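Chemist: Quick one, structure for this:
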Amino acid sequence: MHYGAVILAGGKSRRMGQNKAELTLHGVRFLDKLVYELSGFPEILISVDDVGRHPEIPYPMIGDVFPDCGPMGGLYAALKYCRSEALFTVSCDTPLVSKGIADALCDRMDKDVDAVIVVTGEGRKHPLCGIYRKSCLPILEKLLQQGQYRMMELLKRLQIRTYDVGTEAWRLMNVNTPQEMKRLRTGNCLAVCGWKNAGKTTLVEGLLPLLKRNGLTVAVVKHDGHSYVPDVPGTDSYRFFQAGADAAVIFDAEKCSLTRRCNDPEAEAERLAEGADLILLEGFKKSTYPKLEIVRKEQGAQPMAELRGRIAYVSDRRDVGREIPGLPVFAPDDQEAIAAFILKAYRSGALKERYEAAGQIQGREKED
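Modeler: Numbers count the residues shown, from 1 in each chain. Model (predicted):
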């Protein structure tokens with residue numbers, strides 16, 4: 001069977017207040033990101049309300065045959081005029097959808113069904129992430145003529161097969177409001193905290209290859225409580241910075257380094273790491289980020305009483321979890337389990353959460 005893809009971009013975007021296809025993530029438009037992700041399909045179409053109204057779209061477009069009918073109208077027009085026998089269909093407001101999901105749907109399609117649809121937890125169907133065959137056209141046309149535009153109504157009348165994306169459900173996040181856009185752009189951050197010499201660097205070093213093996217791009221940011229010396233003394237870039245440059249950059253064919261003066265180092269560090277799937281932070285105990293706390297028996301240390309946003313302990317003390325019942329406790333050498341926990345938190349969106357910083361809480365308590 002010959003497959004193509006259609007990206008539905010003809011919505012009104014009323015709740016967002018602007019065209020969602022033009023929204024950007026890490027500097028790349030949602031539409032461009034999806035086109036790149038689906039570039040393995042020989043035919044990619046963009047469904048729009050009216051082709052003449054979108055000179056900003058450089059890809060093949062299909063205008064609505066039935067105007068103002070929502071995604072069902074876009075799907076109908078795309079299936080009617082495409083060369084492919086079936087189309088992987090995705091909305092432009094789900095920019096995290098991957099080619100891997102599309103391929104899995106293709107593998108489950110055959111001539112006995114009209115569509116293969118993604119489902120997530122407890123069987124929830126996602127009709128705007130699926131593959132539809134041209135055999136859907138008669139039912140689509142009938143529903144559109146009757147003024148029935150709900151995609152779930154379409155699914156009731158088709159022979160469908162489902163595919164549970166499991167832990168990849170986070171890729172189905174759609175962006176309809178400014179609040180959802182803000183959450184999407186919020187970085188996935190995890191701070192690794194602990195007293196001095198608790199093993200923070202060793203833990204981060206061990207986690208990196210495990211997280212990378214699962215397909216994540218990972219950045220690491222370290223907080224230095226003292227005034228560190230940037231760059232290597234005596235090098236050209238070091239001399240430029242010492243002479244007063246606001247920023248000094250050095251690069252070669254594989255990498256680059258930046259030293260910059262800034263007023264808000266924490267925010268600047270997160271901004272510079274933007275584009276990574278996950279940012280691991282060493283230290284940052286007073287920050288608002290979710291945290292792993294390392295507590296080592298040999299140090300005789302207790303958990304940090306004022307730490308906010310702790311989501312797990314890493315400790316060789318099995319009793320450490322009594323401090324906050326319900327939090328998981330991992331052995332320091334069980335890095336596979338720690339990495340699996342981090343991946344689960346990442347996929348659930350938990351690493352986008354922000355907590356009130358310890359310093360803010362202390363300040364208010366003093367005022368009270």
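Chemist: Flag the shaky bits of this protein, pLDDT-wise.
Modeler: Applying pLDDT under 70 to the chain picks out residues 12-18, 225-227, 265-266, 269-274, 299-301, 321-325, 356-368.
Chemist: Could I get the full set of helices for it?
Modeler: Secondary structure of the chain (DSSP state H): helices at 30-37, 70-81, 99-108, 137-145, 151-156, 178-185, 200-213, 236-242, 265-272, 335-348, 358-367.
Chemist: which one of these lies closest to residue 168?
Modeler: The closest of the helices of the chain to residue 168 is helix 99-108. By C-beta to C-beta, the value is 6.5 Å. (C-beta placed from N, C-alpha, C; glycine too.)
Chemist: buried residues in that closest one?
Modeler: The neighbour-count check on helix 99-108 (16 or more other C-beta atoms under 10 Å) flags 99, 101, 102, 104, 105 as buried.
Chemist: From what I see, residue 57 and residue 48 are in contact.
Modeler: Yes. Contact between residue 57 and residue 48 holds when scored by C-beta atoms under 8 Å: they sit 7.0 Å apart.
Chemist: Looking at those two, which is more packed in?
Modeler: Shown here are residue 57 and residue 48; by other C-beta atoms under 10 Å, residue 48 has more neighbours (23 against 19).
Chemist: my read: the more buried one touches residue 59, true?
Modeler: No. In this structure, residue 48 is not within contact of residue 59 by C-beta under 8 Å, at 10.1 Å.
Chemist: Pairing partners for the longest strand along the chain, with directions?
Modeler: In the chain, with assignment by DSSP state E, the single longest strand is strand 124-133. Taking DSSP bridges as the criterion, strand 124-133 sits next to strand 86-91 (antiparallel), strand 115-120 (antiparallel) in its sheet.
Chemist: In a markdown table: these, plus distance to residue 191.
Modeler: Listed next are these as a markdown table, based on distance: least, C-beta to C-beta, whole Å:
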| stretch | distance to residue 191 |
| --- | --- |
| strand 86-91 | 34 |
| strand 115-120 | 29 |
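Chemist: So in terms of bridging, what pairs with residue 260?
Modeler: For residue 260, the beta-bridge assignment (DSSP bridges) gives partners residue 247.
Chemist: roughly how far apart are it and residue 235?
Modeler: 16 Å (C-beta to C-beta, to the nearest Å).
Chemist: tally of neighbours for residue 286?
Modeler: 19.
Chemist: cool, residue 56 as well?
Modeler: Neighbourhood size, residue 56 [other C-beta under 10 Å]: 10.
Chemist: quick one: contacts for it?
Modeler: Shown in contact with residue 56 (C-beta atoms under 8 Å, 6 or more residues apart in numbering): residue 22.
Chemist: Apply 10 Å and report the result again.
Modeler: Applying C-beta atoms under 10 Å, 6 or more residues apart in numbering to residue 56 gives the contacts 19, 21, 22, 29, 31.
Chemist: Please enumerate the shared neighbours of residue 48 and residue 59.
Modeler: The contact lists of residue 48 and residue 59 share 7, 9, where a contact means C-beta under 10 Å, 6+ apart.
Chemist: Please identify which of the helices of the chain is closest to residue 167.
Modeler: Evaluated over the helices of the chain, closeness to residue 167 peaks at helix 335-348, with 5.3 Å, by C-beta to C-beta.
Chemist: Tell me how far the residue sitting furthest away from the middle of the chain lies from residue 47.
Modeler: In the chain, counting by C-alpha atoms, centre = their mean, residue 234 sits farthest out from the average C-alpha position, at 40.7 Å. Per C-beta to C-beta, residue 234 is found 59 Å from residue 47.
Chemist: Residue 245 now?
Modeler: Remark: distance between residue 245 and residue 47 (C-beta to C-beta) = 49 Å.
Chemist: Those two: which has the busier surroundings?
Modeler: residue 47 (25 against 14).
Chemist: How far away from the center of its chain is stretch 91-99?
Modeler: Relative to its chain's centre, stretch 91-99 lies at 10 Å (C-alpha atoms, centre = their mean, to the nearest Å).
Chemist: That one: which residues count as buried?
Modeler: If you call a residue buried by 16+ other C-beta under 10 Å, then stretch 91-99 has these buried ones: 91, 92, 93, 94, 95, 96, 97, 99.
Chemist: Quick check: end-to-end length of that stretch?
Modeler: Criterion C-alpha to C-alpha, to the nearest Å; first-to-last residue distance in stretch 91-99 is 14 Å.
Chemist: cool, stretch 80-92 as well?
Modeler: First residue to last in stretch 80-92 (C-alpha to C-alpha) measures 20 Å.
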